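J.: Task: produce atomic coordinates for the following.
(chains A and B)
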2 protein chains.
Amino acid sequence: MKEKILIFDTTLRDGEQSPGASLNVFEKLEIARRLEKLNVDIIEAGFPVSSPAQFEAVQRIAEESGKIITGLARGKETDIKTAAEALKNGRHPRIHTFTSTSDFHILGKFGDKRYGATLAEKRKTILQMSFDAVAYARTFVDDVEFSAEDAGRTDIGYLCDVIETAIEAGARTVNIPDTTGYTLPVEFGGKIAEIRKRVRNIDKAVISIHCHNDLGLAVANTLAGIENGARQVECTINGIGERAGNASLEEVVMTLNVRKDVCCFYTGINVNEIYNTSKIVSGFTGIIVQPNKAIVGENAFAHESGIHQDGMLKDKSTYEIMNPESVGVPKTKIVLGRHSGRHGLKARLIELGYSVGEEELQKVYDLFLELADKKKEVFDDDLRILMGDKIYKEKELYELDYLSINSGTDTIPTATVRITAGGNIYQESSIGDGPVDASFNAIERALNIKSSLESYSVRSVTSGRQAMGEAIVRIREGENSFSGRGISTDIIEASAKAYLQALNQLYKSKAQEMVYENSDLVI
Amino acid sequence: MKEKILIFDTTLRDGEQSPGASLNVFEKLEIARRLEKLNVDIIEAGFPVSSPAQFEAVQRIAEESGKIITGLARGKETDIKTAAEALKNGRHPRIHTFTSTSDFHILGKFGDKRYGATLAEKRKTILQMSFDAVAYARTFVDDVEFSAEDAGRTDIGYLCDVIETAIEAGARTVNIPDTTGYTLPVEFGGKIAEIRKRVRNIDKAVISIHCHNDLGLAVANTLAGIENGARQVECTINGIGERAGNASLEEVVMTLNVRKDVCCFYTGINVNEIYNTSKIVSGFTGIIVQPNKAIVGENAFAHESGIHQDGMLKDKSTYEIMNPESVGVPKTKIVLGRHSGRHGLKARLIELGYSVGEEELQKVYDLFLELADKKKEVFDDDLRILMGDKIYKEKELYELDYLSINSGTDTIPTATVRITAGGNIYQESSIGDGPVDASFNAIERALNIKSSLESYSVRSVTSGRQAMGEAIVRIREGENSFSGRGISTDIIEASAKAYLQALNQLYKSKAQEMVYENSDLVI
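T.: Modelled structure (predicted):
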């Protein structure tokens, strides 16, 4: 009898903490819908106390989803209460609370004397804090998960005490994170085996694992954890997350799937949704997937030699251990155009996993026609961008109304812009070192601002000569940085839009009082 | 006593087989120099029989390098002879020959009756072929490596027979590739242990491993192989290679390094060259490194929360298991400008690992001044591009002499180009769906050609508002595709240059009779 492994997706929490990734509420909702289609078991939707936007996202996902939805909370009462509040209308709410347990973290974060004078005293304090946090969370919900941060580097004896205490306080899931991605598979597996053996009440909780990828071992550690008794796995789409990220959902799931001949475990994942989900997450977060990424990379199933050159390899199984179509890689490129009509567009969107109502469809269709005028061939990726960029977009303060560019090898690059902002119109022109620089200068002149540009990058997000280009701009003001994304068939226009969107983010953050205050949020 | 693990780098062979990667001879030489600085033990420089360019690269690297240089060869006499020819002036030449051993591969590639009527007969034929290939290679060099392709899926008994036979024939290194990335760490480790136990003459050869990453387990499998007796590891920078790539050199090496508390092995790698080498390989191959890539990803040492926001984490070890500077990530961004002068430029280039002669320095300096006029601040990445794009560039047929662009939201995108080709001048203008499309149309009109564009992509390769943008264009003609790369502070100019370079490649392939004929080159 094969045993089921629960898939706990933390793309919207740990994944969204990737530097550079930032998702708006609409994008988070759409990703949550895709995760539901993918049939993950638990969705970690965010960290409610950290900002009103995080709170809203968790709240709306909990209200909409049929899955177990969880929100992260430190051991503090405010954190737990806020998480409970965000989750209260959910069908299956779970509070996920955590404390640091390794000496590194205890000494780093609980250095203050009020937590105890010696390490032993501090440990005792933390044990009590863990109990209290779980017990308090249980006053709101039945389903409480407890994590021992940096468990990978925590002394096994103390770790077992903490776990036992958390279960005693009512935790139904106990998570063992390798927060810093430090352990080797044999060590990590051994730790899980040890916990299973030594924690007296371990049969009252599900053992969960959460592995980081700093040494490239997150997936292997996850498999070693499963082998030794873990029955919940925390992971993210495309393996995104803090630093080198988390265990990649698609790699863990497909290993269990492809190697079912030797693995005694299965998951409930609809593997044919993997490719689409990966595309959506990469598109919304702006975190690219390298071509040589397993399962979902552009080259994962492509061969430089062989097949294409001479078709000599009749049998794909010579080099392919899984069928690309099994994870949802489309067999052929579907191309739409003006002629495709509303019906064709709708059918394709459904195939790509979107659920569009009639009103939304009309909006998408209008945008589709506009795009089909510019691009004769509209590909799946174009549609994904249309859905992501236009449909799930929030109303912004600054909008680019007009842009004109003059540039070339012997020309002084010149840009002219017109921007609308709350009924006002601003227009200006400027020269620059290149067309992008010129357009940024023109925007700054028009709005009479000067921001500190932290980074700027462009990439194409669809292919072909009318490819859509995406620009990402990050600006800094004091302690905070704000990023904006712009998409267009004209890369200069995309850049100008991205800059304006970053300014919009900056504007919004000033309008909204932020309560974001975490400094230790890196399970 | 710790044991040494030999690092066999195959970035220039398996890595270069990544779809989309193609390196010219100059770029390969430069990468080989970086690998030497990194202090790898063996450099696989290419597959000499596959094309004159591959042959030349292997030849020149062998002539220049002090390391063991190897070239790949199938069991065929021509392959082996050509490899020997390419390597003959090398100080430490090694021929690397291989045969397929799994039933999948035997039935797929040796289906013809002349190899035997039954599987058993075919296996016998292949055993003999393996012996002959190694023995023939030994007539040219003492150092011969033998690989059993798809060993990961090969029956252990037969695999042991093949290995024993290859050693008998004179192979000094026997490589066990998990060609399809199919095995789990415990299986792969078990296979190596079994080989060590069962192959009678195994003490006469070094066991090597070569793991692919299709399930995300290449590094874990490599570690399991080492643990069980492998003493040579085949890997690539950034983990590039066929499909999902190979074990990443930096992850394997840094795991052994960071976890030396529990690992009984070491490598000779200069770890502080890792970051620079990664940058160079990514820049030359055009294969991007995802931000969440372990060790060398942009985010590998960055934190979204914490440190930057409030500086509360005094002790980095709370979340960092290795020091970014230890792998060569620069502590601060060094900025050069016009004022830096020749001396400053030279010092920085040396720090970045380039060795430039006086003549080359003058050329770089001139280009540097030109760039410093466009960009007030010249970063390390700009210098890398300067070195890669300008210095190691081959003389091309078509050169972009002039480009002018008119575009914007309300403008019909228009481009004008002037191209020089062998003393002739071609100029034309065209409209298009966007500025890039317009410039491609103008080029086609000017040269009176029409190519089939297979893909087009852009990305920024440096940051800041005067970022350098890189465009990659791939065109198809019949069975072959050709790619071109262009770099400029103006992304439209970069695109036009890339298109011309792809046309140059196409032109060159017609001028040169290609003998490329491999169909099964995927160890």
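
J.: Give the buried residues for whichever helix or strand residue A:504 is part of.
T.: Of the helices and strands defined by DSSP states H and E, residue A:504 is found in helix A:491-511. Of the residues in helix A:491-511, those buried by neighbour count under the rule 16 or more other C-beta atoms under 10 Å in any protein chain shown are A:491-506, A:508-509. To be clear about C-beta, it is placed using only N, CA and C from the backbone, and glycine gets the same treatment.

J.: List, one by one, the residues from the stretch 51-200 of chain A near chain B.
T.: If contacts are counted using C-beta under 8 Å from any C-beta of the partner chain, the residues of the stretch 51-200 of chain A sitting beside chain B are A:104-105, A:107-109, A:150, A:179-182, A:184-185, A:187.

J.: Tell me the one of those nearest residue A:230?
T.: Closest to residue A:230 out of those is residue A:185 (12.6 Å), distances taken as C-beta to C-beta.

J.: Tell me the secondary structure at the nearest residue to the closest one once chain neighbours are set aside.
T.: Across the structure, with C-beta to C-beta, 6 or more residues apart in numbering or on different chains as the measure, the residue nearest residue A:185 apart from its sequence neighbours is residue A:224 (4.0 Å). Secondary structure, DSSP: H, G, I helix; E, B strand; the rest coil: residue A:224 is helix.

J.: now the helix holding residue A:504, how far from the centre of its chain.
T.: The gap between where helix A:491-511 is centred and where its chain is centred comes out at 21 Å by C-alpha atoms, centre = their mean, to the nearest Å.

J.: what's the answer for stretch A:366-377, then?
T.: In this view, stretch A:366-377 has its centroid 29 Å away from the chain centroid, taken as C-alpha atoms, centre = their mean.

J.: and what of stretch A:398-414?
T.: Averaged C-alpha coordinates place stretch A:398-414 at 34 Å from its chain's average position (C-alpha atoms, centre = their mean).

J.: is it up against chain B anywhere?
T.: Yes: Stretch A:398-414 lies in contact with chain B when judged by C-beta under 8 Å from any C-beta; the contacting residues are A:400-411, A:413.

J.: Ok, stretch A:265-274 next?
T.: No: no part of stretch A:265-274 sits close enough to chain B to count as contact by C-beta under 8 Å from any C-beta; the gap is at least 12.2 Å.

J.: Can you give me the end-to-end span of that stretch?
T.: Between the opening and closing residues of stretch A:265-274 there is a gap of 19 Å (C-alpha to C-alpha, to the nearest Å).

J.: What are the buried residues along that stretch?
T.: Of the residues in stretch A:265-274, those buried under the neighbour-count criterion (16+ other C-beta under 10 Å) are A:265, A:267, A:269, A:271, A:273-274.

J.: Buried ones among the residues of the stretch 51-200 of chain A next to chain B?
T.: Buried positions within those, assessed by neighbour count (16+ other C-beta under 10 Å), are A:104-105, A:108-109, A:150, A:179-182, A:184-185.

J.: I'd like the residues you listed written out as a markdown table, with secondary structure added.
T.: Output for these, formatted as a markdown table (three-state DSSP):
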| residue | secondary structure |
| --- | --- |
| A:104 | helix |
| A:105 | helix |
| A:108 | helix |
| A:109 | helix |
| A:150 | coil |
| A:179 | coil |
| A:180 | coil |
| A:181 | coil |
| A:182 | coil |
| A:184 | coil |
| A:185 | helix |
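
J.: Farthest pair within those residues?
T.: Comparing all pairs in those by C-beta to C-beta, the longest separation belongs to A:109 and A:185, at 28.0 Å.

J.: ok, back up a step: report the angle between the helix holding residue A:504 and helix B:491-511.
T.: 140 degrees (axes from the mean of the first three to the mean of the last three C-alpha atoms, to 10 degrees).

J.: Is chain B within reach of helix A:491-511?
T.: Yes: taking C-beta under 8 Å from any C-beta as the criterion, helix A:491-511 and chain B are in contact, through A:491-493.

J.: Show me what that helix packs onto, helices and strands only.
T.: Under the contact definition 3 or more C-beta pairs under 8 Å, 6 or more residues apart in numbering or on different chains; DSSP states H and E, helix A:491-511 sits against strand A:398-408, strand A:414-421, helix A:435-447, strand A:452-460, strand A:469-477, strand A:480-488, helix B:435-447, helix B:491-511.

J.: Quick one: list the elements packing against the shortest one.
T.: The reference is to strand A:414-421. If contacts are counted by 3+ C-beta pairs under 8 Å, 6+ apart, strand A:414-421 sits against strand A:398-408, strand A:424-431, helix A:435-447, helix A:491-511.
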